[in-house]
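>>> dropping a prediction and its sequence here:
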Amino acid sequence: MTFRNARLLTLSVLLALASMSFFMLPSYSAIHSNEQEQGASVPNWTKRKISSASVGRSASLSHKSDIFLKTGKAAIKFDAGMLPKASNGLPGPRVGASKRRKQNRLVRGTHLSLAEMNGWPPMDELIGRDGKVAAHEDISWLLDFSIIGFAKTGTTSMLRHLAQITHMPPSETCDLSDSGAAKLVKDLYADRNKRLEVAERHGEEFEEQLRGIKCPQDISSDAAMQNYAKYFPNTKLVVGVRHPVLWFESLYNFRVSNVPWKKMLHTNLLTRGCTFGSQGVCAQRASFADFLSQLGKTRLDTPKELDLLSMGLNPVKSSVGKVFLYDLSQLSESEDGRIQSTRFREDLKAFLGLTVDIPPFPVIDTSGRFDFLEPIKQQTDANKIDICDNEHARIHQVLMEKARTSSVWIRDYFLESSDVIVSNRSHFLELIERWNEDPCVERRNTK
């Protein structure tokens, strides 16, 4: 045998031995599975429990290895895409779609978020490659309630207060009117991840709570209404209203205080729709009845009802969730020994399905962002309006007409729906009946 042939033979033998040694090595998942079966220690934080009120299931904070199948050769066969067989020779139980996807992502070394490790399906299972919610995927369980409007009706107070006893992102979440349902899914996953991280960091038990968002522009957004109907048909909707005249004044002055570098249009230019430069402030947005009609809670099939509506908006094609309607004044502590305000909080608690009491609503500071700068504050104060001044008589008249028609429509049609809930019906009717009265009369009398 030549020297060259001897070298080739030796090399072949070495390669064969190396191959045999490689195949005899157990896989990482098999070793890890055996360690778990032998009682390997697990970090304490993985043993905390989670109960899901919305999904109706429970889960525990778990180590990534818990995603793998546990028994015998299952972990080895899993690497090859094989399912284990039961001891009786029959095929073992199928791995659920969500669990299989988690397993595949771990094998590929893809990161799993805490939300995905602890009871929620992989987010890429809900959102397709096109960036939209995947067809036939149910995401309605993600959102229990939503504060959808109107602006300047105490929605910020509602958010800050309910966020203490529910899971709500700390600021407005307007994805359904701006970016779509897929963006909302991502934001809710991100919010849950942060909450799980905090619980893990502090060694605290994670408590599942109702999930909600706030976006006061949703009520006036056709896109948002269609998204609620399509993706969140059971989400409970919270809507605040107030006298349209006072509502307009509040929103106008809010813009003056918080966007001082932009000059507001005169009110004579805002008597109809929101034109360029209006900054979203116009009389049309005070058409509360028209926007509420989009929720599809009334028949909209008689001339008498349609005469009370002016915008010709179409209702959602499929149903949306139940509605809790309130007047801004119901948030404040009443002068009757707090009887009305206490009942309001109890009724809101029952509507949302909360298990804890809602404390009295705090007074929210509504001063402008730049009020701490005296020169700017002086400027903004000078630019604010008193809706009762004669120079605003034109828009004042338009707003009073909207107040009267909205009051009648809410009383005679909207509140007739079993899907519309108010706290203390007789008291609420008294409040919207006052919309027929000009608030400027009382203001002038108190000066």
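Received, thanks. Numbers count the residues shown, from 1 in each chain.
>>> residue contacts, residue 404?
With contact taken as CB atoms under 8 Å, 6 or more residues apart in numbering, residue 404 is in contact with 435-436. The way it works is simple: take the backbone N, C-alpha and C, and place the C-beta from them, glycine included.
>>> pLDDT score assigned to it?
pLDDT, residue 404: 99.
>>> can you offset everything so residue one is 54?
Taking 54 as the first residue, the last one we looked at is residue 457.
>>> what helix or strand is it located in?
Under the assignment given by DSSP states H and E, the secondary-structure element containing residue 457 is helix 446-465.
>>> packing partners of the helix or strand that that helix is followed by?
Using DSSP H and E, the next helix or strand after helix 446-465 towards the C-terminus is strand 473-474. The criterion is 3 or more CB pairs under 8 Å, 6 or more residues apart in numbering; DSSP states H and E, and the helices and strands that strand 473-474 contacts are strand 376-380.
>>> residues in contact with the strand it packs on?
Taking CB under 8 Å, 6+ apart as the rule, strand 376-380 contacts 289-295, 348, 350, 397, 401, 404-405, 463, 467-468, 472-476, 481, 484-485.
>>> what residues sit buried inside the helix holding residue 457?
447-449, 451-453, 455-456, 458-463 (16 or more other CB atoms under 10 Å).
>>> nearest to residue 217 among those residues?
When the buried residues of helix 446-465 are ranked by distance to residue 217 (CB to CB), residue 463 comes first, at 30.0 Å.
>>> how far out from the middle of the chain is the helix holding residue 457?
The offset between the C-alpha centroid of helix 446-465 and the centroid of the whole chain comes to 31 Å, using CA atoms, centre = their mean, to the nearest Å.
>>> and the angle for it with strand 376-380?
Angle, helix 446-465 to strand 376-380, by axes from the mean of the first three to the mean of the last three CA atoms, to 10 degrees: 130 degrees.
>>> circling back to that earlier point, list buried residues within the contacts of strand 376-380.
Buried members of the contacts of strand 376-380, scored by 16+ other CB under 10 Å, are 289-295, 348, 350, 397, 401, 404-405, 463, 467-468, 473-476, 481, 484-485.
>>> out of those, which are inside strands?
If you go by DSSP state E, these have 289-294, 473-474 in strands.
>>> nearest to residue 314 among the buried residues of helix 446-465?
For the buried residues of helix 446-465, the minimum distance to residue 314 (CB to CB) is 23.7 Å, reached by residue 448.
>>> contacts only, for the closest one.
Under the contact definition (CB under 8 Å, 6+ apart), the residues listed for residue 448 are 301, 320-321, 323-324, 336, 440.
>>> let's go with 7 Å and repeat that
Remark: with contacts taken as CB atoms under 7 Å, 6 or more residues apart in numbering, residue 448 is in contact with 320-321, 323-324, 336.
>>> what's the answer for residue 271, then?
For residue 271, the residues meeting the contact criterion (CB under 7 Å, 6+ apart) are 199, 201-202, 227, 229-230, 277.
>>> filter these down to just the ones in strands.
Among the contacts of residue 271, the members that lie in strands (by DSSP E) are 199, 201-202.
>>> which of those residues are buried?
Neighbour-count burial (16+ other CB under 10 Å) is assigned, among those, to 199, 201-202.
>>> where does pLDDT dip in the stretch 104-253 of the chain?
Counting by pLDDT under 70, the stretch 104-253 of the chain contains low-confidence residues at 104-163.
>>> quick one, helices of it?
Using DSSP state H, counting those that start in this stretch, the helices assigned to the stretch 104-253 of the chain run over residues 127-132, 150-160, 167-170, 176-179, 208-215, 228-231, 234-254.
>>> ranges for the helices of the stretch 254-403 of the chain?
For the stretch 254-403 of the chain, applying DSSP H, counting those that start in this stretch gives helices covering 275-284, 297-311, 341-346, 356-359, 392-405.
>>> tell me how far the fourth one lies from the chain's centre.
I take that to be helix 356-359. 34 Å.
>>> residues of it that come out buried?
For helix 356-359, burial by neighbour count (16+ other CB under 10 Å) applies to residue 358.
>>> could I get it in CSV with only the CA atoms?
Once non-C-alpha atoms are left out, helix 356-359 reads as follows in CSV (Å, rounded to 0.1, in the frame of the first residue of the first chain):
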residue,chain,number,x,y,z
PRO,A,356,-88.5,60.4,9.3
LYS,A,357,-89.1,61.7,12.8
GLU,A,358,-85.8,60.2,14.0
LEU,A,359,-83.8,61.1,10.9
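>>> how many neighbours does residue 383 have?
Neighbouring residues of residue 383 were enumerated by other CB atoms under 10 Å; the total is 24.
>>> that one reaches residue 397, doesn't it?
Yes - Residue 383 lies in contact with residue 397 (CB atoms under 7 Å); the separation is 4.7 Å.
>>> list the residues that contact both of those two?
Between them, residue 383 and residue 397 share the contacting residues residue 476, judged by CB under 7 Å, 6+ apart.
>>> done for today, thanks.
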